[in-house]
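J.: Predicted model and sequence below, questions to follow.
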Amino acid sequence: MLPKRAAWRVFLLVLVLSVLAMIASNSYRGILQFSTVQPSPRRRISTIDSYIEAILDDANIENSTVPISNENLTLTVTAENASVSTKQVFLMDAYLVDDRLIRITTIRKCKSKMRLTFYLRFNATTFAMPTNSQPIQACPWFFAKKCDFVGYFTQISVPKVIMPTLVSESMPEAFVSTERDKGIRHRVRLHDARAKKPTRKHELAVCLQPIFLLADWTILIQFFETWIVQGATKFYVYVHSMAPEVDALLRVYESDRSVDIERIPWAPLPIENGTPSAEDPNFFIYRTEVVTAVNDCVLRSRGKAKYVVSSDLDEIIVPFHNRSLLSLLHSFKTASPTAAAFIFLSSYAMFENCWAEVKDPASISFGNFAEVKLEKYIWPSGLRSKVIMVPELIRGAHVHNVLRTENRSKIVTVRKDDAIVFHLRRVAKRDNITTNGTKTSRELARFIKPCEKLWSERQKRIRDIPGTEILHAKIWPNRGLQVMNELEKCLVHDFRHRAETCNSPFKCIDAIQAVSKNEWVWAKQTWTLL
């Protein structure tokens, strides 16, 4: 007979093993529940509602009052399949961070061990270098475990023998090969992301997270005009898919010589014709892999912008006490010279959506900014917060926070009395705005006149801009609300199957009827498949 202490140890061991077995079993996937968001204490929200609110928020849509029905909704449930290749690696661009380090943004299957070799060619001389690849964040992410195609950084340490050549000559040609096929070298775009000069061309750059299945052109106006008024002069617009009227309006902003707007193609990952959905990596990516896009943008902005922020379409950072955003940033940086990032807390701001069915661009008005309902509850840091970063001091970023900094640089959380993010929620009618736990705010009133002036002047130039013919008529197509409702219905339905399938918006294309499949404007293909 076992001693009492030994018997207890055996019992605890059996208990632990039983729990682990239950977790591993498909039959008990629903036992563990994790919450990534904390609802306001004034709003009683169930765990599932919190998850849905988070996923809809990330998808650039809001949880409208449209009833959700399962009728006539086709959902492609793609179960996890081992046949999805662990040897596929998708490369975007390479960045020379300094004279000793090159970093490449890539997407690959979680825990893939595929080794790459990197090459630099200077005229007739080619140098081969080993690489090290690590996920940008821990994978798979517990919130989307079935979305196991994720972002990886591939890093290359440049040998000292190459350093003088990098300093004295123009950028060399760059290539990558895989361990399974070293004879084939794939060209990769290499950017000089070294901070060579103490000054930057732009004070503030804005990274627009990948827009996908976007048909609401009115929100694009709100995004650009408010950020331009805030002092942003550089925009990196990551594009996945959009309606033709959105593409045309983006061309209008791209033609503005007072700001620098760079369209970054963030196309669906390339696949061979006839690839079944069970083997299509696009069905295993959460939200177009936005974290990888954020990090790619931070790398692109190095040496070009003093500050960079990753923003969604419906967010505005609002300083209080009549201060400008740039003056506030400069004061923070003076007080904390080693700071790599400034985190701004977030709160929902609601106002009536008078633009939902606008078809005459001249009727666009920012008048509803005069007074909005601002929730008193402010989300904690890391939940819906936004980060303004010094790009050279960031080693890894996330949508709402910073993962790693260079040289142990500090991260400063901005006091809510100095500034917060207004997360704008446009509701169908003013009667739908809840007054429980909100206060009236007039902080956005300062944006009305300058934003309306910019938009008024912009309309006068539309006919002179190539590729904007769809906007030459007095009446513009506005399918944004209908697409939003159709996309929302699909995403919420898909969310219920999150234990079996990845919640990829790529699956919802066929569920959208307002814009036909062949109408969507897709980003040109810039991914390199190894």
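T.: Okay, I see it. These numbers come from a predicted model, not from an experiment.
J.: Every contact and neighbour count from this point should use C-alpha atoms.
T.: Noted.
J.: can you give me the helices for the stretch 351-500 of the chain?
T.: Under the criterion DSSP state H, counting those that start in this stretch, the stretch 351-500 of the chain carries helices at the ranges 448-459, 480-495.
J.: Show the subsequent helix or strand relative to the lowest-mean-pLDDT helix or strand in the chain.
T.: Here the helix or strand of the chain ranked lowest by mean pLDDT, DSSP states H and E is helix 47-58, holding a mean of 38. With elements assigned by DSSP states H and E, the helix or strand that comes after helix 47-58 is strand 89-98.
J.: Run through the neighbouring helices and strands of that following strand.
T.: Under the contact criterion of 3 or more Cα pairs under 8 Å, 6 or more residues apart in numbering; DSSP states H and E, strand 89-98 touches strand 101-109, strand 190-192, helix 290-301, strand 528-529.
J.: between those, which gets nearest to residue 495?
T.: helix 290-301 (18.1 Å; Cα to Cα).
J.: mind checking how far that closest one is from the chain centre?
T.: 9 Å (Cα atoms, centre = their mean, to the nearest Å).
J.: who does the next helix or strand after that helix touch, helix- and strand-wise?
T.: Note on helix 290-301: by DSSP H and E, the next helix or strand toward the C-terminus is strand 305-311. With contacts taken as 3+ Cα pairs under 8 Å, 6+ apart, strand 305-311 sits against strand 202-211, helix 290-301, strand 386-389.
J.: Quickly run through the sheet partners of strand 305-311, with directions.
T.: Applying DSSP bridges, strand 305-311 is found paired with strand 202-211 (parallel), strand 386-389 (antiparallel).
J.: residues contacting residue 487?
T.: 508, 511-512 (Cα atoms under 8 Å, 6 or more residues apart in numbering).
J.: any idea how far it is from residue 513?
T.: According to Cα to Cα, to the nearest Å, residue 487 and residue 513 sit 10 Å apart.
J.: next one: residue 356
T.: Distance from residue 356 to residue 513, by Cα to Cα: 18 Å.
J.: These two: who's more crowded?
T.: residue 356 (19 against 12; other Cα atoms under 10 Å).
J.: so what's that one up against?
T.: Applying Cα under 8 Å, 6+ apart, the residues contacting residue 356 are 218, 428, 478, 480-481.
J.: Dump those residues to CSV, plus pLDDT and neighbour count.
T.: As requested, the contacts of residue 356 are exported to CSV (pLDDT from 0 to 100; neighbours: other Cα atoms under 10 Å):
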residue, pLDDT, neighbour count
218, 93, 19
428, 50, 17
478, 90, 22
480, 90, 23
481, 88, 17
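J.: filter the contacts of residue 487 to the buried ones?
T.: The neighbour count (16 or more other Cα atoms under 10 Å) marks 508, 511-512 as buried among those.
J.: how about JSON lines for the helices and strands packed on strand 89-98, with mean neighbour count added?
T.: Listed next are the helices and strands packed on strand 89-98 as JSON lines, based on neighbours: other Cα atoms under 10 Å:
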{"stretch": "strand 101-109", "mean neighbour count": "23"}
{"stretch": "strand 190-192", "mean neighbour count": "19"}
{"stretch": "helix 290-301", "mean neighbour count": "25"}
{"stretch": "strand 528-529", "mean neighbour count": "17"}
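J.: mind checking which of the ones you listed is nearest residue 501?
T.: strand 101-109 (15.1 Å).
J.: mind listing what that closest one pairs with, with the direction of each?
T.: Its sheet considered, strand 101-109 pairs with strand 89-98 (antiparallel), strand 149-157 (antiparallel) by DSSP bridges.
J.: and residue 459, which of those strands is closest to it?
T.: strand 89-98 (34.7 Å).
J.: could you check the angle helix 290-301 makes with that closest one?
T.: Here the directions of strand 89-98 and helix 290-301 differ by 30 degrees (axes from the mean of the first three to the mean of the last three Cα atoms, to 10 degrees).
J.: Show me which parts of strand 89-98 are buried, residue by residue.
T.: Using 16+ other Cα under 10 Å as the test for burial, strand 89-98 gives 89-98.
J.: Regarding stretch 408-416, how distant is the last residue from the first?
T.: End-to-end distance of stretch 408-416 (Cα to Cα): 25 Å.
J.: and stretch 382-398, average pLDDT?
T.: Stretch 382-398 shows a mean pLDDT of 95.
J.: Alpha carbons only: can I get it in CSV?
T.: Provided in CSV are the C-alpha atoms of stretch 382-398 (Å, rounded to 0.1, in the frame of the first residue of the first chain):
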residue,chain,number,x,y,z
GLY,A,382,-3.5,46.5,-25.2
LEU,A,383,-7.2,46.3,-25.8
ARG,A,384,-8.3,48.6,-28.7
SER,A,385,-5.5,51.0,-27.9
LYS,A,386,-3.4,52.6,-30.7
VAL,A,387,0.4,53.1,-30.7
ILE,A,388,2.4,55.9,-32.2
MET,A,389,5.9,54.5,-32.7
VAL,A,390,9.5,55.7,-33.5
PRO,A,391,10.0,53.1,-36.2
GLU,A,392,13.8,52.7,-35.7
LEU,A,393,13.2,51.6,-32.1
ILE,A,394,10.6,49.0,-32.8
ARG,A,395,11.6,45.3,-33.3
GLY,A,396,8.1,43.9,-33.3
ALA,A,397,4.6,45.5,-33.2
HIS,A,398,1.0,44.4,-32.8
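J.: Next, the buried residues of stretch 380-391.
T.: 381-391.
J.: what's next to that stretch, contact-wise?
T.: 36-37, 298-299, 301-302, 305-311, 339-346, 379, 399-402, 413, 421.
J.: can you check stretch 97-113 too?
T.: Contact with stretch 97-113 is made by 85-96, 135, 139-140, 148-160, 163, 166-167, 192-195, 292, 295-296, 299, as judged by Cα under 8 Å, 6+ apart.
J.: CSV for the helices and strands packed on strand 305-311, including distance to residue 122?
T.: Shown next, in CSV, are these (distance: least, Cα to Cα, whole Å):
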stretch, distance to residue 122
strand 202-211, 31
helix 290-301, 23
strand 386-389, 34
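J.: Export stretch 190-206 to CSV, keeping only CA atoms.
T.: C-alpha atoms of stretch 190-206 as CSV (Å, rounded to 0.1, in the frame of the first residue of the first chain):
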residue,chain,number,x,y,z
LEU,A,190,15.5,44.9,-50.9
HIS,A,191,14.8,48.3,-49.3
ASP,A,192,17.3,50.5,-47.6
ALA,A,193,15.7,51.0,-44.2
ARG,A,194,18.7,52.4,-42.5
ALA,A,195,18.3,55.7,-40.6
LYS,A,196,21.1,57.6,-42.3
LYS,A,197,20.1,61.1,-41.5
PRO,A,198,18.9,62.6,-38.2
THR,A,199,16.0,64.4,-39.8
ARG,A,200,13.0,62.8,-41.5
LYS,A,201,11.0,63.9,-44.5
HIS,A,202,7.7,63.2,-42.7
GLU,A,203,6.8,64.0,-39.1
LEU,A,204,3.9,61.5,-39.0
ALA,A,205,3.2,58.5,-41.2
VAL,A,206,0.0,56.5,-41.0
